[in-house]
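Novice: Sequence and computational prediction follow.
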Amino acid sequence: MSSPVDQDGTRAGQARRAVVALACVALLPALLFASLQSRSLDYPFVWTDITAIGQKSMIRPAGEIGASFNEPLHRIDFRGGSAIQPYYRPLQVVLLSLTNSWLGDTPRAYRSLTILTGALCVAAWGLLVLSLTRNVPMASFAALFVAAHPVAIETTTWISGVSGSLCALFSILSICLGVRCTSATGFVRVAGLALGSILALVAALLSKERAAIEPLLLGACLLATWHATTHRIDTRRAIAIASTHVLISGVYMLIWRATIVGGLPPLPPIGGDYEIQIATSVAAWPAALGWMFVPLHSTTSDVLPIVRSLADPRVWLGASLALGSALAAVALLRGRPMSALGIAWIWIAFAPTAGLIPSLHATGERYLYLSCFGTALLLADCGTALLERTTLPFRRPVLGVLAVACVLALGQRTWIRLPDWQSTARLFGPAVEREPEYREGHYLLALDEFERGLHADAAARLLPLLDSLSGSGNSGSEKTSYLNPLSTFELACSSSLAMQDYDRVIEIDQIAARQRQPVRGVATFRTCVGQALNALGDTEAAQQIYVSVAAELGPSAPPRLAVMIARNWINLGRLSQARDSLRTARGVVAGTPELEAQVRRLTARLDALEAGASADRRERAAGRDR
């Protein structure tokens, strides 16, 4: 029987080992992640952050943050009812809005949030792997691999992409608590772990739709744990937990989310044909998944070569990779369950954006973020297997050196990629040069040129893009790349309007009409066309557009529109309507000196016209009396 001193010494030793383990699997990866990503703290807003964060379409005022749970991701009421967007990620909106309220409206404030989220995510991942394997070196490498990998840039430096790391963080927490629940003892402990797992799943779903696959990841973890020797799980409890997660995900996607933003909108397949869609996507799988293992080059481009036949050798290569992975996972399940779990994790996380159903972007590095965790687990278990099955001398230090070299190499790729995010031109310019078919890259460069006052350059870049929007799914091209028709037509119209090329604006509207683009129903585009008609002298047609837009937008109508309507009523000689419009304009332009001055000038002009009209009436009346 051991003495109290021995027991105290044993407990102290266990506590020290636990602290060291936590430092290795959670603290060290989190610090590595933060130290790499902090390089971007003060980079300016780029890409969609310019509008989503800088112009606050994703940010709610302090008193309206709770409304995020009842509305879509972006507030774009100024575009009218024709501009519908199907994204619903309220937790992301809440956290970004709170950051804006508490820390200020700066890139540093928002990126502090995204870096903290990413650091917590890799720490949670290290703890999950430690929970599954009870192997500190393996869990440490798995967490360090993800922490250093450049895949995290688009969920961290790109502030709008933080939904990806939030989704991963809460999915991992949900899985970790769910797995622990299956082997816990005591009603209170089991109930607490089960409730925590459910709440984390709900948080993941509120962060991003991709969390709907969490029940599959949980099921894979439970199956791997059942085959491993590190845990003894309660099978009935595991089935109950997994079933509950499936039910919650289904209710969320089919009822909760659908009630607020509707179902996911149907998208045209690549090349206008579903066979081409599948062939192109499957052919791209080897390169996409291979990048996680060897990320030699990073890009924002979503360009893919279009593959038009299922008989193409590239399709067979992609299909063979999928089939081989499935067979390998089954074969490894008994002997190396963590390797099997790593393979399953990669493919389950990849499935929503694998391209078997059409999506906006055919490919993207951010789509691989959650899959990268499976890659880390697979490589970590392969290293463990080498240690266990080889008797070579110095195998531990050799593998340790290789692991460190791998993490350092990944960190180097992240470190040299981050400066590209300092400007739109630096981020998208080289990508467009490498792949001229990168249509969204051209659009974003045009937007940057427009905001810098280079309207002619922006128009020259945009006009060829308008022609590429005819048809569906790049049917006439050999490569596919996404382009938002609404934003492209709007920017093309604004660029030509800024150049006072009013005939070009009308031509752009005619192109949209020939292509039957929904943008013709969007308030901002219609207003742009109306301004061109105004400048060309068709005041009546312009006024019809302005009045209809104001009626559609209601309180969301921009104050400048009220001034434009009043001016047109004066020009058309309809002084009564002009007086009503000026009364409305005074109420909405308050606080905008430029518009207030315009209202005063228009009021003076209207007063003079009414005085003149009154004098004319008196003179005519006097003439009749004579």
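Specialist: Yep, that arrived.

Novice: any idea how far residue 90 is from residue 490?
Specialist: From residue 490 across to residue 90, the span is 27 Å (CB to CB, to the nearest Å). C-beta: built from backbone N, CA, C; applies to glycine.

Novice: cool, and residue 40?
Specialist: Relative to residue 90, and taking CB to CB, residue 40 is found at 26 Å.

Novice: before we move on, what about residue 420?
Specialist: In terms of CB to CB, residue 420 sits 31 Å off from residue 90.

Novice: got it, and residue 577?
Specialist: 42 Å.

Novice: out of these two, which sits in the more crowded spot?
Specialist: residue 90 (22 against 17; other CB atoms under 10 Å).

Novice: pLDDT at the more buried one, what is it?
Specialist: Looking at residue 90, its pLDDT reads 96.

Novice: Surely it and residue 203 touch.
Specialist: No - using CB atoms under 8 Å, residue 90 is not in contact with residue 203, being 10.3 Å away.

Novice: Without its sequence neighbours, what residue ends up closest to residue 314?
Specialist: What sits nearest to residue 314 in space, not counting adjacent residues and going by CB to CB, 6 or more residues apart in numbering, is residue 283, at 3.7 Å.

Novice: need the contact list for the one you found.
Specialist: 305, 307, 312, 314, 315, 317, 318 (CB atoms under 8 Å, 6 or more residues apart in numbering).

Novice: Low-confidence stretches in the chain?
Specialist: Along the chain, the parts satisfying pLDDT under 70 run over 1-9, 77-85, 230-231, 264, 471-477, 616-617, 621-626.

Novice: Go ahead and name everything in contact with the one helix or strand residue 570 maps to.
Specialist: Assigned by DSSP states H and E, residue 570 belongs to helix 559-571. With CB under 8 Å, 6+ apart as the contact definition, helix 559-571 has outside contacts at 527, 531, 534, 539, 542-543, 546-547, 549-550, 553, 575, 577-578, 581-582, 584-585, 588-589, 592, 595, 598-599, 602, 605-606, 609.

Novice: Which SSE is immediately downstream of it?
Specialist: helix 575-588.

Novice: Name the residues that touch that following helix?
Specialist: For helix 575-588, contacts defined as CB under 8 Å, 6+ apart pick out 557, 559, 562-563, 565-566, 569-570, 595, 599, 602-603, 606, 609-610, 613.

Novice: if you set the cut-off to 10 Å instead, what comes out?
Specialist: 543, 546-547, 550, 555, 557-572, 574, 595-596, 598-600, 602-603, 605-607, 609-610, 613 (CB atoms under 10 Å, 6 or more residues apart in numbering).

Novice: Please apply the same query to stretch 245-265.
Specialist: Counting by CB under 10 Å, 6+ apart, 69-73, 84-90, 174-175, 178, 197-198, 201-202, 204-206, 209, 211-219, 357, 359-360 sit against stretch 245-265.

Novice: in the helix of greatest length in the chain, what counts as buried?
Specialist: Ranked by residue count and defined by DSSP state H, the top helix of the chain is helix 593-625. Using 16 or more other CB atoms under 10 Å as the test for burial, helix 593-625 gives 595, 596, 598, 599, 602, 603, 605, 606.
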